[in-house]
Structure formats: structure tokens, C-alpha cells
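J.: Next come a sequence and a model predicted from it.
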Amino acid sequence: MLVYRIVPFIAAAVVACTVGLPAGAVAQVPESRVVIQVSDADPGKWNLALNNAKNLQVDLGGAKHVDIEIVAYGPGIGMLKADSVVGNRIGEALGSGVKIVACENTMRGQKLDKADMLNGIGYVAAGVVEIVRRQQEHWAYLRP
Amino acid sequence: MLVYRIVPFIAAAVVACTVGLPAGAVAQVPESRVVIQVSDADPGKWNLALNNAKNLQVDLGGAKHVDIEIVAYGPGIGMLKADSVVGNRIGEALGSGVKIVACENTMRGQKLDKADMLNGIGYVAAGVVEIVRRQQEHWAYLRP
Amino acid sequence: MLVYRIVPFIAAAVVACTVGLPAGAVAQVPESRVVIQVSDADPGKWNLALNNAKNLQVDLGGAKHVDIEIVAYGPGIGMLKADSVVGNRIGEALGSGVKIVACENTMRGQKLDKADMLNGIGYVAAGVVEIVRRQQEHWAYLRP
């Protein structure tokens, strides 16, 4: 529990310990980074995930203030298929700077290849590994 | 990966680096802080969220040992409407110290104003931003 | 926000501050630790949770590189009952090193005792407390 309770004081400690870092060295990292999971075969959830991404951009002061990555895997992979009912919204989200990736493990299991998927999206070997790694990198996790 | 693997040792490092902080400076923070998301239009999930909050209070030794905030947004907003089927449980949870907030973005989208909502709840501009901010502040995240 | 933005620099700070720790002191901790929540009465979700655990092991280079704990509670408790439709997969997962625990709060509420449950699983007093504690210990959280 000790680690947990002192977390608010890490800033002070780190500042004290990092005298000598070049000024402005931390400026490039957006204030917020959020990984959004889509793992339901439910267009309602797909729309909710896209709404969430948009609201985060608007309410945090613009896309440059937040990195957002949507990871679709398992039953959620349909969100990113070429015939997805939210296909046009995916294009808009990509255009606004949201990163959207499909899980290649899931695609293999469902015999999908990149030609079956929407243009412009990215790919990761394993959706769950991506979500875990992002949390390890201190991204917030959102599961709509 | 390095950051992640050394996390258990941050405590020692920070203690070593913070000699000089006033004694007891960290004492006011409850040991646990948990943000609970409600984003389903499903009374079963609303009850589960309320059960989770209660269990956290009981099993962590009482409400003073845990800060809990329930954030309802999107299809979950119905949990906090004046005619909610869990209205009486919301009152109990508020009475026990749980903070419960509704997303004003969602309310605007559904043409709801505060007069349509249960008494005693709080409001946040954007539910997803609240959930992300809490995680940035090192609250645990629970999505029943 | 300061704490959040400087997180990538904590490693450097801690290294700077921990000169003197015994060499290799951090070697025993697996690179990744993931707590997976099962709280739906939905065999599709139970299978997805088990798929996720397996994919994490495979894609992170083997079970020794990742600690995985599946926590079943609330409506998800059926996953671990003796008559569970995924009973054989639970055995496999346990054999591969996944820790799988049932919530005793939920069991009490549903008048289940250990004789009603699958062999080999573990038990925790409260599933939600377990999930919160794991996050406090910096485990990633996955809610399939």
C-alpha cells in the first residue's frame, strides 16, 4: 500500500531527482493518452466507442491534447470490416487523429485478411497485448 | 519495460528522495480510490455497480478507507434519471459516501436537464474525461 | 497533470536514486501482470476471457513472461461452477499457469460452497477488492 499512497508525491521526488534534464524535455507528450477497447459484436458499442473518442478530443481541448487508440478484437472485429455499419465514422475518426487497429490474431481466427478490412486502419499482432502494453505505458483504459 | 519492472522499487527510491517532507504528509489519502463506470442501459449492471461499491466499502474496512465514484454516461445515464428503478439504492449509496455523477454531454444528447435527474447526484461535463482523469490520478478502474 | 507527463522519466529518476540496490534485484518479476475480470453470465465472454489469457501467454513469449489472474464474480460466477460449460478449458488454463479465483461474496449470495465449484480454482473474499488491489499493484486490467 505504501507505493500507492505516496504516488501523489512522486512528482516532487522525481523533480528533485532529475535536476539536470534538459528544460522542456517532457513537452512533446500529450497530457492524456487513452486506449479504448472494442470487443463486442454490437454496433451500439461501436458507436459509443467512437462517441467517447470524439468527446475526449473535444472536452480535452482538441486532438493534440490526447492520444487515442481504439483496439478492436474478438467479437468486436466486425467494427473494422469493409462492410461495417460504422465505416464512415471510422474514416472521420482516423481523419481526426484517432489511431484504430485490428487484432491479427482475431482476423486469422475468422479467416479475414487486410483486403476484407476498412482502409486506413492499422494492425497489431494481438489486441490484448496492445491493450496491456498501453496500460504499462500509463495510458488510461476505457472499455465502453 | 524497464519502468514497469521497477515499479515495486519506486517506493524505496521516493522515500530516499523525499527526506524532508513533513511527517504525516500523506496520511489523508484513503488507501483505495475506485472509479466505477456505468455505460449500459441495463438495470442488472446498475445493481451490480451498486453491489460492487458496497462490497468495496465493507471489505476494505469501511467507507473511510475507500473513495468511490460512480460515473454514468451514454446508455448508462438511465441509472440516474428521476424514474430510475434503482433510485432508492442511489440514495443509500450517496448516504454511505459514494460519489455518483452524471455526464452532461449525454444529458444534452438525450435532452435531459437536472430536473429530470435524481436528487443528490453530481454532474461532470464529460463522463469519459472524468474516468480518464481519475485513472491519471491513480484511481483503480472498475467496469462492471 | 505534472505527474502524468513525467511518468516516462521516472525510470531515469529511479535509477538515479537507487544506486546501491543489489544487482538483479528486479529480475524475478514477470514483465507483464494482467488481471482479467469475468462478471457476465455469458459463456461467450467466458471463452473470450480464456482466449485472451492464452493469447497473452503466446504473444508475450510464454507463460513465464506474464502473470495472469482471472477473477469471476457477480453474474460471472457461473464460469467456475462444477457444471460450467467451459470447465475443461478452466482445467487447461490452470495447467498453463493462469490463476483463476472465485468471489466468496458472490458464492455466499448464491448459496454456493466450494463443493459446488470446479477443482483447482482459488478463492478471494471479494472479487472487486482483488481487482482493485491488483491495479494498485500495477497489474494491467482487462475486462473482455
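T.: Received the coordinates, thanks.
J.: anything in the longest helix along chain A near chain C?
T.: Assignment by DSSP state H gives helix A:43-59 as the longest helix of chain A. No: judged by C-beta under 8 Å from any C-beta of the partner chain, helix A:43-59 stays clear of chain C, getting no closer than 12.6 Å. Where you see a C-beta, it was placed from the backbone N, CA and C, and this is true even at glycine.
J.: Are there helices or strands packed against the helix or strand where residue A:106 lies, and which ones?
T.: Taking DSSP states H and E as the criterion, residue A:106 maps to helix A:104-109. For helix A:104-109, the packing partners by 3 or more C-beta pairs under 8 Å, 6 or more residues apart in numbering or on different chains; DSSP states H and E come out as strand A:122-124.
J.: any idea how far the strand it packs on is from the chain center?
T.: Mean C-alpha position of strand A:122-124 versus that of the full chain (C-alpha atoms, centre = their mean, to the nearest Å) differs by 12 Å.
J.: ditto for stretch A:54-70
T.: Offset of stretch A:54-70 from its chain centre (C-alpha atoms, centre = their mean): 11 Å.
J.: Pull up the distance across it, start to finish.
T.: 12 Å (C-alpha to C-alpha, to the nearest Å).
J.: What average pLDDT does that stretch get?
T.: Mean pLDDT, stretch A:54-70: 96.
J.: Please identify the buried residues of that stretch?
T.: Buried residues in stretch A:54-70, counting neighbours by 16 or more other C-beta atoms under 10 Å in any protein chain shown, are found at A:54-60, A:63, A:66-70.
J.: So the spatially most central residue of chain A: helix, strand or coil?
T.: Note on chain A: the residue nearest the mean C-alpha position is residue A:69, at 2.1 Å, using C-alpha atoms, centre = their mean. Three-state assignment for residue A:69 (DSSP: H, G, I helix; E, B strand; the rest coil): strand.
J.: List the beta-bridge partners for it.
T.: With DSSP bridges applied, residue A:69 shows beta-bridge pairing to residue A:35, residue A:99.
J.: packing partners for the longest helix of chain A?
T.: Helix A:43-59 sits against strand A:32-38, strand A:66-72, helix A:87-95, helix B:127-136, with contacts defined as 3+ C-beta pairs under 8 Å, 6+ apart.
J.: List the contacts of that helix.
T.: Residues from elsewhere that reach helix A:43-59, judged by C-beta atoms under 8 Å, 6 or more residues apart in numbering or on different chains: A:32, A:34, A:36, A:38, A:63, A:65-66, A:68, A:70, A:76, A:79, A:84-86, A:89-90, A:93, A:96-98, A:142, A:144, B:39, B:74-75, B:105, B:125-126, B:128-129, B:132.
J.: Run the chain-centre distance for that helix.
T.: With C-alpha atoms, centre = their mean, you get 12 Å for helix A:43-59.
J.: tell me the angle of it relative to helix A:87-95?
T.: On the basis of axes from the mean of the first three to the mean of the last three C-alpha atoms, to 10 degrees, helix A:43-59 is oriented at 30 degrees to helix A:87-95.
J.: Return the set of buried residues in the helix holding residue A:106.
T.: Buried residues in helix A:104-109, defined by neighbour count with 16+ other C-beta under 10 Å: A:104-107.
J.: again with stretch A:74-84
T.: Buried residues in stretch A:74-84 (16+ other C-beta under 10 Å): A:74-81, A:84.
J.: Name the nearest of the residues you listed relative to chain B.
T.: Proximity of the buried residues of stretch A:74-84 to chain B (C-beta to the nearest C-beta) peaks at residue A:76, which lies at 14.7 Å.
J.: nearest residue to that closest one other than its sequence neighbours?
T.: residue A:38 (3.9 Å; C-beta to C-beta, 6 or more residues apart in numbering or on different chains).
J.: Now do residue A:108 against chain C, distance only.
T.: 11 Å (C-beta to the nearest C-beta, to the nearest Å).
J.: Just checking stretch A:117-131 against chain C, any contact.
T.: Yes: using C-beta under 8 Å from any C-beta, stretch A:117-131 reaches chain C at A:125-126, A:128-129, A:131.
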